[in-house]
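Novice: Predicted structure and sequence below. I'll ask about it afterward.
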Amino acid sequence: MNALLAGLRQLRHYPSAIIGLTIVLGLLVLSLVTVLTIPYREAIRLWRGGAGVWDEHPELARPVWFQLFSSQNLPRTIIVDTRQGGKVIVDQPDGSRLMNAHLRFAFPYDVLPSEIGLWLSTTARETQPFVMLSWRKPNGEEIAFEERTPGQTDRYFLSRDEGLRQRLQARSTEEALFGAGSRGDGSPLKGTYELALEAILFEPGTDVDARLVVYGTIYGLAGTDTQRRDLAVALLWGTPIALTFGLLAAVGTTVFSLMISAVGTWFGGRLDAIIQRITEVNAMLPGLTLLVMIGMFYSRSLWIMLLAIILLSMFSLGIKTYRAIFLSLKEAPYIEAARTYGAGSLRIVFRYMIPRVIPMLIPAFVTAIPGFVFLEASLSILGLGDPDIPTWGKLLSDAYANEALFKGYYYWVLEPAALLMITGMSFAMSGFALDRMFNPRLRTT
Amino acid sequence: MHAGGYPAPLSIPPGRSALRDTLRRVGTYTLRRVVVLLVTVVVGTYLAVLIANWGGEVDKMREAQCKEKAGMSLQADPTLQRLPAQQRQQRYEQEVERCKTLQGLDRPFFQRSLEYLRDALTLSLGRAVQLTSDSGSREVRNILLERLPATLLLFGTADLLLFFMALSVALFLSRQYGSILDRLIVALAPTSTAPGWFYGIFLILVFAGLMHLLPFGGMVDIPPPTDRAAYAMSVVRHLILPVAAIVIGSICLSIYSWRTFFLIYSSEDYVEMAKAKGLPPAMIQRRYILRPTLPPIITGFSFMLISLWQGAIILETVFNWPGLGRLLYSAIGSQDTPVIIGTVVIYGYLLALTVFILDIVYALIDPRVKVGEGGIGT
């Protein structure tokens, strides 16, 4: 313990260790905040997505900070709903009722929205209402849509209405609805737009509501993917997952290696020889391919993988290093003293030998963490990531599967990659500096 | 780095039988290593067989295949269609049993697992479920062997480049201790914790995505050039980024740790002695520094290659390189069990072969190679 404190006091001579440990601390705080603000179940629910979760988020939107690098004012998502007021219902002489509503919104951006969606919902059970829609641009031009009889909920993506696009003779529906017509250059008209709804309600006491979503091209701090999911969820939750995974794998591997090597060295003889041979064989096993098989045939759960990784790297090469230390330790006077007072073998191994080497292990342990974090990412890239849990590796894998680099969605790749890099570098920098501090042989260099 | 230890004083063999003695030592050493490596391949393959049949998955799959086949043959034969239902059922069960016996499903798993092991080791894994080789063969062995040259080309190039670049830079830096370049390499050493494929993503982004200088991936242009020289040029262009990714992913740490080795050994007394004698620096470096440091460097390099081989799977996937790693990726995608087992086996062989080659190099340059001294890494 004293050695540890003395080591910590030395720390100020190693700026890279200070930088590294500060970043590690920052990541720990970020993990804590994430876990407290987005509970695990909520994160999984969000990441699984499904109907209704991400409907109102734009698809493949860039992060909002893209605005800083763009001279154009990039559109954000605009949502207007009739439930916010402005609905007028008038009784008709034939018993039906007529509803009028105007969805107005200002559009101050320089770029066309990515999509336009309209959700119509009605409380009518048997006779569906009849809805007429018309669109008014800031220049006064009006466009009428086809009439609709929505079911209980009706999702109408104006952007995917090929008939509308052809009728308006535009390159895209967005351009037809937001551009300046055939004279336009494809950029949107700025000003107030209006979607007018006129609905005939046949069932007494029923109602129609509309929700217009004009999808932007930028969203949130991290942007969105093809499934409209906010990447920030996965980036944030990836942090505690990566740290936990890396730490547990490193702890598991180091602790087991240490115990195996201590027991082997203490008892010596055949046991030691067997451990040595297993280590040699294990070092040359194609471990990743075996993990791939476990992922394929057994389970892709992150925790099962963790267990498999620990089992496969238990007999690591570290055993040879520890063995060298233990061999000299075995002859130390204090061990002999313990033997003379009659301490049992296990007591000597676990109370006297192992605790003695732990400070020496810290650098190797810290340096091992990023390797496991990247291993998880590797498995995810191969499509063997945990199907439920959002991780950085999963993001990279999704981005790769959607050819994000080829299609220019760089943020999708760069964000998880940057986090992986920061995490890996911070642990490695701390570990390397600790190594120079604890390992006198390298101190001069 | 682990494998360390200071060099024992060189034992000078008696003159006449020196060569024979060396050959005998290297021979016994090699033999011992071959045994260890073969055991490794067998253990790896057997583990693969065990995992593949975890919870009887493979057995169930084969049984289902048998049932499907029996059902199909029953339907296809019009004479059987006319038989009464009971007889048809009997016929169906007979057919399923016959197929299961043929597959060996009636024998205990241990016995079958040894047969699988033999088949896997000889790569006689039968036919792939879905994948085919480019020449149209569905034999797993053909598919694997067809992909092997691409992998060897990529990794052979990268490994050789990595070794010689790291070695020369490390030697150079050990003479420039404390210079800006030296400190830069020390500061950059942690970059090697990220695997090569990770840097590959950035390289693709910059050189293919933004600058359009080099291709995004693949091994040759599509369609491949017919001219031999143009074909080679195209392969070279496709090779640059993946090789660069592998090298960037490992070089800083290699330089850093090797340079540390050189520094430690260059402060030994016998080096001071050589300097005092006035030997030329080049000779000091070759005979007094490089010679004792090379064995541990080779050992370290061989373990680095093991992790590089495994990183290869992802790297090839990222770069769309038509090698074994990419094959494994497609096999996972299409759930092609025989191909996956085959890939595990061939990776086992590749790792063992890599280690073996480096072992021989080790045996040739390390005069201490003697059987019974624990061999590599102790």
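Specialist: Nice, thanks for sending it over.
Novice: Which one of the residues in chain A is closest to chain B?
Specialist: Nearest to chain B in chain A, going by Cβ to the nearest Cβ, is A:Ala428, at a distance of 3.3 Å. Just so you know, the C-beta spots here come from the backbone N, C-alpha and C atoms, and that holds for glycine as well.
Novice: Surely B:Gln176 touches B:Leu184?
Specialist: No. Counting by Cβ atoms under 8 Å, B:Gln176 stays clear of B:Leu184, with 11.0 Å between them.
Novice: residue contacts, whichever residue of the stretch 101-250 of chain B sits closest to chain A?
Specialist: Residue of the stretch 101-250 of chain B nearest chain A, by Cβ to the nearest Cβ: B:Pro190 (3.3 Å). The contact partners of B:Pro190, taken as Cβ atoms under 8 Å, 6 or more residues apart in numbering or on different chains, are A:Ser16, A:Gly424, A:Met425, A:Ala428, A:Met429, A:Gly431, A:Phe432, B:Leu253.
Novice: Between the residues you listed, identify the one with the most neighbours.
Specialist: A:Met429 (28 neighbours; other Cβ atoms under 10 Å in any protein chain shown).
Novice: Scan chain B for its longest helix.
Specialist: Longest helix in chain B by number of residues (criterion: DSSP state H): helix B:228-266.
Novice: Show me the helices in chain B, by range?
Specialist: Here chain B has its helices, by DSSP H, at B:18-52, B:57-76, B:78-81, B:85-103, B:109-121, B:140-175, B:180-188, B:196-203, B:228-266, B:269-277, B:281-283, B:291-319, B:324-333, B:337-365.
Novice: Provide the contact partners of the third one at residue level.
Specialist: Put plainly, it is helix B:78-81. Residues outside helix B:78-81 that contact it (Cβ under 8 Å, 6+ apart): B:Leu74, B:Gln75, B:Arg88, B:Arg91.
Novice: For that helix, give the mean pLDDT please.
Specialist: Helix B:78-81 shows a mean pLDDT of 71.
Novice: Now that helix - C-alpha only, CSV.
Specialist: Extracted in CSV, the C-alpha atoms of helix B:78-81 (Å, rounded to 0.1, in the frame of the first residue of the first chain):
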residue,chain,number,x,y,z
PRO,B,78,-44.2,-41.9,-57.6
THR,B,79,-44.1,-45.6,-56.8
LEU,B,80,-43.8,-44.8,-53.1
GLN,B,81,-46.7,-42.4,-53.3
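Novice: near chain A, which residues of the stretch 101-250 of chain B?
Specialist: The stretch 101-250 of chain B comes close to chain A at residues B:177, B:187, B:189-195, B:197-198, B:201-202, B:204-205, B:208-209, B:216, as judged by Cβ under 8 Å from any Cβ of the partner chain.
Novice: OK, contacts around B:Gln285?
Specialist: B:Gln285 sits next to B:Leu171 when contact means Cβ under 8 Å, 6+ apart.
Novice: Likewise for B:Leu161?
Specialist: Contacts of B:Leu161 by Cβ under 8 Å, 6+ apart are B:Val243, B:Val247.
Novice: quick one on the thing from earlier: tell me the one of the contacts of helix B:78-81 nearest B:Leu239?
Specialist: Checking the contacts of helix B:78-81 against B:Leu239 with Cβ to Cβ, the nearest one is B:Gln75 at 51.7 Å.
Novice: Compute the number of surrounding residues for the closest residue to that closest one other than its chain neighbours.
Specialist: Spatial nearest neighbour of B:Gln75, excluding adjacent residues (Cβ to Cβ, 6 or more residues apart in numbering or on different chains): B:Gln81 at 7.5 Å. B:Gln81: 10 surrounding residues under other Cβ under 10 Å.
Novice: cool, B:Asp21 as well?
Specialist: Count around B:Asp21 with other Cβ under 10 Å applied: 12.
Novice: confidence score at it?
Specialist: pLDDT, read off for B:Asp21, is 73.
Novice: ok, it to B:Glu316 distance?
Specialist: Distance of B:Asp21 to B:Glu316, given as Cβ to Cβ, to the nearest Å: 44 Å.
Novice: Can you read off the backbone torsions of A:Phe202?
Specialist: Here is the backbone geometry of A:Phe202 (degrees, to the nearest 10): phi -100, psi -30.
Novice: Just give the closest residue to it, not the sequence neighbours.
Specialist: Here the residue nearest A:Phe202, using Cβ to Cβ, 6+ apart, is A:Thr127, at 4.1 Å.
Novice: Wait, the one you found touches A:Ile200, no?
Specialist: No. Applying Cβ under 8 Å, one finds A:Thr127 not in contact with A:Ile200, separated by 10.1 Å.
Novice: which of those two has more neighbours?
Specialist: Neighbours were tallied for A:Thr127 and for A:Ile200 using other Cβ under 10 Å; the higher tally belongs to A:Ile200 (17 against 12).
Novice: Quick one: residues contacting the more buried one.
Specialist: Counting by Cβ under 8 Å, 6+ apart, A:Ile200 has contacts A:Gln92, A:Ser96, A:Arg97, A:Leu98, A:Met99, A:Pro129, A:Phe130.
Novice: Please list only the buried members of these.
Specialist: A:Ser96, A:Arg97, A:Met99, A:Pro129, A:Phe130 (16 or more other Cβ atoms under 10 Å in any protein chain shown).
Novice: Can you pull the phi and psi angles for the first one?
Specialist: Main-chain dihedrals, A:Ser96, degrees, to the nearest 10: phi -80, psi 170.
Novice: for the third one, same thing?
Specialist: When quoted as degrees, to the nearest 10, the phi and psi of A:Met99 stand at phi -110, psi 140.
Novice: Look up the closest residue to it, ignoring the ones flanking it.
Specialist: In space, and not counting its chain neighbours, A:Met99 is closest to A:Ala199: 4.3 Å by Cβ to Cβ, 6+ apart.
Novice: Pairing partners for the helix or strand harbouring that neighbour, with directions?
Specialist: For A:Ala199, the element it lies in under DSSP states H and E is strand A:191-201. As defined by DSSP bridges, the strand partners of strand A:191-201 come to strand A:97-107 (antiparallel), strand A:130-136 (antiparallel).
Novice: Using PDB, write out the CA atom coordinates for the last one.
Specialist: Output for strand A:130-136, consisting of C-alpha atoms alone and laid out as PDB, is shown next (Å, rounded to 0.1, in the frame of the first residue of the first chain):
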ATOM      1  CA  PHE A 130     -63.000  11.900 -44.800                       C
ATOM      2  CA  VAL A 131     -60.000  14.200 -44.800                       C
ATOM      3  CA  MET A 132     -59.000  16.700 -47.400                       C
ATOM      4  CA  LEU A 133     -55.500  18.200 -47.300                       C
ATOM      5  CA  SER A 134     -54.000  21.200 -48.900                       C
ATOM      6  CA  TRP A 135     -50.600  22.800 -48.700                       C
ATOM      7  CA  ARG A 136     -49.800  26.500 -48.900                       C
END
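Novice: need the next SSE after that strand, C-terminal direction.
Specialist: strand A:142-144.
Novice: now B:Leu123, nearest residue through space, not along the chain?
Specialist: Distance criterion Cβ to Cβ, 6+ apart; nearest residue to B:Leu123, sequence neighbours excluded, is B:Arg141 at 4.5 Å.
Novice: Could you pull up the contacting residues of the residue nearest to B:Ser250 when sequence neighbours are not counted?
Specialist: The shortest distance from B:Ser250 to any non-neighbouring residue, by Cβ to Cβ, 6+ apart, is to B:Ser192 (5.5 Å). By Cβ under 8 Å, 6+ apart, B:Ser192 lies in contact with A:Ala428, B:Gly249, B:Ser250, B:Ile251, B:Cys252, B:Leu253, B:Ser254.
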